[in-house]
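Enquirer: okay, sequence plus prediction incoming.
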Amino acid sequence: PIRFGFSSQVAFCTTPHGLYGFSSTPHSKGTGYVCKANVKAGKWEIFNDKGPKGHNEHDFLAYDSKRDRLLHFRSKGAEVNAFSFKTNTWEKEQCAGKAPGSVKGDATYIPEMDAVLTVFAKKLWFYKCSEKKWYTAPSVGDPFRGENKSGRDNSPIYDPELKVVVRITPTGFAAWLNVHVMRLEPASLKLTELQ
């Protein structure tokens with residue numbers, strides 16, 4: 001999608017009604033575009049051209065299935081912008097508490113928690129959608145190989161049927177991929193609000 005293809009540093013997200021990509025043009029400065037994959041025609045189509053400016057490769061999307069919207073997370077400052085499919089409009093979320101200085105990696109929505117999970121360093125990070133608050137929780141079990149310092153290519157994916165998070169991470173640049181599986185137990189998870 002967008003003028004420069006993948007070099008526009010597109011964030012991708014699947015939804016029940018299609019595959020979407022988000023980027024800004026000119027590269028990292030201009031208006032944000034939501035594009036939808038038209039698989040039958042083999043092309044991308046602009047769906048909305050009023051998104052937040054300055055998207056870069058460290059920013060990412062998550063699909064909030066409860067509200068049928070895309071959430072765009074800016075890596076620096078943890079700014080959250082929401083795109084509603086119902087109204088075809090963007091709205092900046094006002095965080096009701098402290099936000100992390102940055103968020104890294106990709107994200108996945110956990111319906112049972114009404115929260116977006118992103119994983120980096122040695123903690124799990126949750127953005128509770130109804131509260132608009134950030135929380136952390138410890139990650140127990142085998143440690144992830146290395147910390148996610150770049151903020152890219154560390155994608156968690158939630159499987160609602162098996163109740164597990166599958167996370168794909170690279171070893172080095174464009175090298176082997178690691179697969180981690182984590183059983184998420186929301187009822188026993190000890191969340192700590194950012195102070």
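Expert: Thanks, I have it.
Enquirer: what residue in this structure is the furthest from its centre?
Expert: Ala41 (27.1 Å; C-alpha atoms, centre = their mean).
Enquirer: the longest strand seen in the chain packs against which elements?
Expert: For the chain, the strand reaching the highest residue count under DSSP state E is reported as strand 43-51. Using 3 or more C-beta pairs under 8 Å, 6 or more residues apart in numbering; DSSP states H and E as the contact test, the elements touching strand 43-51 are strand 18-24, strand 32-38, strand 80-84, strand 89-92. (Each C-beta comes from the backbone N, C-alpha and C, glycine too.)
Enquirer: give me whichever of the ones you listed is most buried.
Expert: strand 18-24 (a mean of 22; mean count of other C-beta atoms under 10 Å).
Enquirer: one step back: nearest to Asn178, of the helices and strands packed on strand 43-51?
Expert: When those are compared by C-beta to C-beta, strand 18-24 sits nearest Asn178, at 24.6 Å.
Enquirer: adjacent strands (with direction) for the closest one?
Expert: strand 11-15 (antiparallel), strand 32-38 (antiparallel) (DSSP bridges).
Enquirer: quick one: low-confidence parts of the protein?
Expert: Along the chain, segments meeting pLDDT under 70 span 3-8, 26-30, 120-122, 142-153, 172-175.
Enquirer: what's the closest of the helices and strands packed on strand 43-51 to Leu177?
Expert: Nearest of these (C-beta to C-beta): strand 18-24, 20.9 Å.
Enquirer: and the angle from the closest one to strand 80-84?
Expert: On the basis of axes from the mean of the first three to the mean of the last three C-alpha atoms, to 10 degrees, strand 18-24 is oriented at 130 degrees to strand 80-84.
Enquirer: other residues contacting strand 18-24?
Expert: Where contact means C-beta atoms under 8 Å, 6 or more residues apart in numbering, the residues beyond strand 18-24 that reach it are 1-2, 8-14, 30-37, 39, 44, 47, 51-55, 61, 70, 72.
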